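K.L.:
predicted coordinates and the sequence they were generated for:
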Amino acid sequence: MDLKQKQELLKLLRAELKDGFLGEEPSGENRLWAEVKREALVRAAELLLQAGGRYQVGIGYDARKSGKGFALIHSFAFDRDGLIAAIRAFAPAEDPEFDSLTPIIPGAGWSEREYQDLLGLRFKNLSNGKRLVLSDDWPEGIYPLRADIPYDLMPPSAEEVAFRLEQAPPGTTVIPFGPFHASLHEPAHFSVFVDGENIKGCEYRGFMVHRGIEKLAQTELTYNDIPFLAERICGICGSVHSVNYAQAVEAASGLKISRRAEFIRVVLLELERLHSHLLWLGVAGHLIGYDTVFMQAWRIREKIMWLAESLTGNRKTYGMVIIGGVRRDITSDQAENIKRVLGEVEKEMLQLEKAIIKDKTIQRRMRGVGYLSREEAIRWNLVGPVARARGLALDSRKDHPYAAYDELVFDVPVVEDGDVWGTMVVRIKEVYEAIRIIRQCLDKMPADRPLALELEGPIPPGKQGLSVVEAPRGEAVHYVLTGDGQQPERWRVRAPTYPNLQAVPAMLLDNKLADFPIIVGSIDPCISCTDRVLVVELRSNSKRLLKKEELESISRKMRPGK
Amino acid sequence: MKAAVVTLNLLYFLALAPLFEGVMRKLTARIQSRQGPPVYQPYLDLAKLIGKDNFNSAGNWVFRLAPLLAFSSVLAALSLLPVAGRASWFSGASDLMTLIYLLTLSGFSLLLGALASGNAFSAVGASREMMTIVMLEPVLAMSLILGAVKSGSFSLAAALSGIGGTKGVSYFLMLSVYLLALQAFVSRQPFDIPEAEVEILEGPYLEYSGPNYALFRYTLNLKRMFYSWLLAAGFLNFFGSPGLILSLVLQTAVILVVCVVVSVIGATHPRFRIDQALKYYAVLVLLALVAVGFGVKGF
């Protein structure tokens, strides 16, 4: 089957689901919002999958206020057609059960487990029903994402409920990588089963650094506060999240921002890609014991950080994006400075690349390591450089153009290696592409105004917006359902590490223990992006939450005109 | 007088061993565009570690004894070494096998300590260390045995001067093998596999802290210096007997050069995997055997 158009997809869903298909919400050419009966959800997903869709994310929310119970959305990207199709189903509040997608899409497991924990949904045929998001001592029966649970609830800990890790298979021993380990830069726990030096299996337990960001935004903040919170989801790709959130709201409310603002957003995103890839290259060197690469890559990266500081006032967490545009312009002096720094970075990067690509020892440590076939990569819905190293030409900038990318000329590097080496080659090539894109932006940027639109009146409730941004690590997805007041009813963030991390146990299998750090490192895991949702961090001594007043005072200072 | 020379030699090693680590750290830092710590930093590190409480995290006596055994066996090995080409005070009671045994004992003490600590990462480190010892110690043994074969004596002083005595095929082959193995002897990249910080968190040393750890660090420094010294005193024994002081100065210079080379190689290579390293060691052992074979035949 080769379906190219939205209309054909709709026709297919209608014909195959019959009365299971409930209707379609009108929207632009590149989004499809369909509603189906919950019994037909798996069949609909199967149809979309067979039609060439790539599973993105599951989005669950509490719709009891409107009397519809609980909603579950599954979104699929049709990358060649620039289309994203989302199917929504409702389950009554007293029986919140859906059929699991995991038998056909293993990568849907995390989304479903997330809502099992947070919303109290139940899933039939879920392959692994263990807790994913909630901490082990969170009491049963309290579902933090439900509307009647306050964002700052701190229930007493449940007792004697430690997470049960799997027993090591016979003939193997457990090596605990985590929750804190020198090769992991954030808390995460891989329990690795080894036979001598050979990895025979692995179980992952993560979500240890939840900050309750989505819940906080849905209950305590207003639309234009959230970009600054979104930016703090990640310490590396903050702009990805603030741009992504702003785009989702703009899509939901039909705002069209000025072209110059779009170009400035692209410059920010590509600067982030530059420093993120250089950061990764350094970390990768460190992980295979090559600290000279580490230090040299970070020395080059430092210039990008200084550049970002001169443009935005901050090395990271730029605070540039709001709904309707950006907060600062790029002057012609600044543009000259950008070009000069990019020239230096490009020159030094070429030298570093030459040293790395020709190094036989690096090749021996990276080639064939962490191999995953193209078919497996599709099965696990991999995104970003991890997918592009396995022959999949996925790039949201090309497939679902946003901001000003439709006007920019760049290549998407794809290699067929399927291993750690491939991900490194892709990232190195992307450094040059990012430089090329920024240069074009500076030349092509029109002078139209305003930089930021004023929001005219309240944003109408019940509108859906779904935006994708190609983060340095791959496609990031933001979903916004507008609410009654001055805040979204539901805001869902899916970082690129979310699908990629699910495939890591498959990459680790039958590799050497010594390769564990670089294999996990090859997806450039961003744990803070992935673990964003939980309401309260329950680990007894770390109850520090960002207080509403603190956050407000931080955000207010940044708001334009105040 | 002879006792004084042994003491002087021990003091020479104890005083300078941390300095060479400092030199390596400084050089590595400069290659990596870093400022680096001052060259005397290892002395400060040792002093700081020795000043801490001695904490026995494993709670058994093997864990406590292992660093003492490692340190004392290296000291014993060093006291056997000839100084400026002249046999040591202990040479009547020892030969080159004693030296090899003592050095291996020091390595095995580290294994004992790692296994006694009960840590999973230490256990992985210990198994890597064990494989390294098994594959690498023969290279050291062969070098000394070649000397013994050439000089016809198992005495340490004779064997050492024998290595560099006549410069035939066996000498050059063994010299190249030794140079190729040197990076592994001093356990720097690409051969710092048993420690491998990002993989197994310094492996065997993981549970050690304070004075116990200081002893292991000092042991490592002394061993590194010994392997560099062997190059100067054995293979490059071209300074004849120019007197005690001059010979000490010359060998110190050679050790410094080794430090520089080791740092440059270490800073320009990633770490090998243990299976890759073992293949490399196997080739070295074979070549060393061939060199001894040539030596026996008089080449």
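P.N.:
It's in.
K.L.:
do any residues in stretch A:284-304 lie close to chain B?
P.N.:
Yes. Using Cβ under 8 Å from any Cβ of the partner chain, stretch A:284-304 reaches chain B at A:285-296, A:299. (Glycine included, C-beta is placed from N, CA and C.)
K.L.:
which of these has the largest number of neighbours?
P.N.:
With neighbours taken as other Cβ atoms under 10 Å in any protein chain shown, the top of the residues of stretch A:284-304 next to chain B is A:Ile288, carrying 31 neighbours.
K.L.:
coming back round to it: what's the closest of the residues of stretch A:284-304 next to chain B to B:Met135?
P.N.:
For those, the minimum distance to B:Met135 (Cβ to Cβ) is 19.2 Å, reached by A:Gly289.
K.L.:
contacts for the host helix or strand of A:Arg301?
P.N.:
Using DSSP states H and E, A:Arg301 maps to helix A:291-312. By Cβ atoms under 8 Å, 6 or more residues apart in numbering or on different chains, the list of residues contacting helix A:291-312 from outside reads A:268, A:271, A:274-275, A:278-279, A:281-286, A:314-316, A:318-320, A:328, A:330, A:334, A:337-338, A:341, A:344-345, A:348-349, A:352, A:355-356, B:28, B:31-34, B:267-268, B:270.
K.L.:
got a ChimeraX select line for the buried ones in the residues you listed?
P.N.:
Here is the ChimeraX selection string for the buried members of those, based on 16 or more other Cβ atoms under 10 Å in any protein chain shown:
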select /A:268,271,274,275,278,279,281,282,283,284,285,286,316,318,319,320,328,330,334,337,338,341,345,348,349,352,356 /B:28,31,32,267,268,270
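K.L.:
so which of the contacts of helix A:291-312 belong to helices?
P.N.:
Mapping those onto helices (DSSP state H) picks out A:268, A:271, A:274-275, A:278-279, A:281-286, A:334, A:337-338, A:341, A:344-345, A:348-349, A:352, A:355-356, B:28, B:31, B:267.
K.L.:
so B:Thr98 belongs to a helix, correct?
P.N.:
Yes. Assessed by DSSP: H, G, I helix; E, B strand; the rest coil, B:Thr98 belongs to a helix.
K.L.:
pretty sure it sits against B:Leu80.
P.N.:
Yes. Counting by Cβ atoms under 8 Å, B:Thr98 touches B:Leu80, with 6.3 Å between them.
K.L.:
who's more crowded, those two?
P.N.:
Neighbour totals were compared for B:Thr98 and B:Leu80, and B:Leu80 leads with 22 against 17 (other Cβ under 10 Å).
K.L.:
flag every residue of chain A that's near chain B.
P.N.:
So chain A meets chain B at A:173-176, A:181-183, A:194, A:196-197, A:285-296, A:299, A:359, A:361-362, A:364-365, A:512-517 (Cβ under 8 Å from any Cβ).
K.L.:
in stretch B:55-66, what's buried?
P.N.:
B:Asn56, B:Ala58, B:Phe63, B:Ala66.
K.L.:
for the residue of the stretch 1-150 of chain B found nearest chain A, which non-adjacent residue is closest in space?
P.N.:
Closest residue of the stretch 1-150 of chain B to chain A, Cβ to the nearest Cβ: B:Gln32 (3.7 Å). What sits nearest to B:Gln32 in space, not counting adjacent residues and going by Cβ to Cβ, 6 or more residues apart in numbering or on different chains, is A:Met295, at 3.7 Å.
K.L.:
from what I can see the residue of the stretch 1-150 of chain B closest to chain A touches B:Thr268, true?
P.N.:
No. B:Gln32 lies out of contact with B:Thr268 (Cβ under 8 Å); the separation is 10.2 Å.
K.L.:
still on that earlier bit, restrict the helix holding A:Arg301 to CA atoms and write it as PDB.
P.N.:
Provided in PDB are the C-alpha atoms of helix A:291-312 (Å, rounded to 0.1, in the frame of the first residue of the first chain):
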ATOM      1  CA  ASP A 291      40.500  12.200  26.700                       C
ATOM      2  CA  THR A 292      42.400  14.200  24.100                       C
ATOM      3  CA  VAL A 293      39.400  14.100  21.800                       C
ATOM      4  CA  PHE A 294      37.200  15.000  24.800                       C
ATOM      5  CA  MET A 295      39.300  18.100  25.600                       C
ATOM      6  CA  GLN A 296      39.800  19.300  22.100                       C
ATOM      7  CA  ALA A 297      36.100  18.900  21.100                       C
ATOM      8  CA  TRP A 298      35.100  20.900  24.200                       C
ATOM      9  CA  ARG A 299      37.700  23.600  23.500                       C
ATOM     10  CA  ILE A 300      36.100  24.100  20.100                       C
ATOM     11  CA  ARG A 301      32.600  23.900  21.600                       C
ATOM     12  CA  GLU A 302      33.500  26.700  24.100                       C
ATOM     13  CA  LYS A 303      33.500  29.200  21.200                       C
ATOM     14  CA  ILE A 304      29.900  28.400  20.400                       C
ATOM     15  CA  MET A 305      29.000  28.900  24.100                       C
ATOM     16  CA  TRP A 306      30.600  32.300  24.100                       C
ATOM     17  CA  LEU A 307      28.800  33.100  20.900                       C
ATOM     18  CA  ALA A 308      25.500  32.100  22.400                       C
ATOM     19  CA  GLU A 309      26.200  34.300  25.400                       C
ATOM     20  CA  SER A 310      26.900  37.300  23.200                       C
ATOM     21  CA  LEU A 311      23.600  36.700  21.300                       C
ATOM     22  CA  THR A 312      21.300  35.900  24.200                       C
END
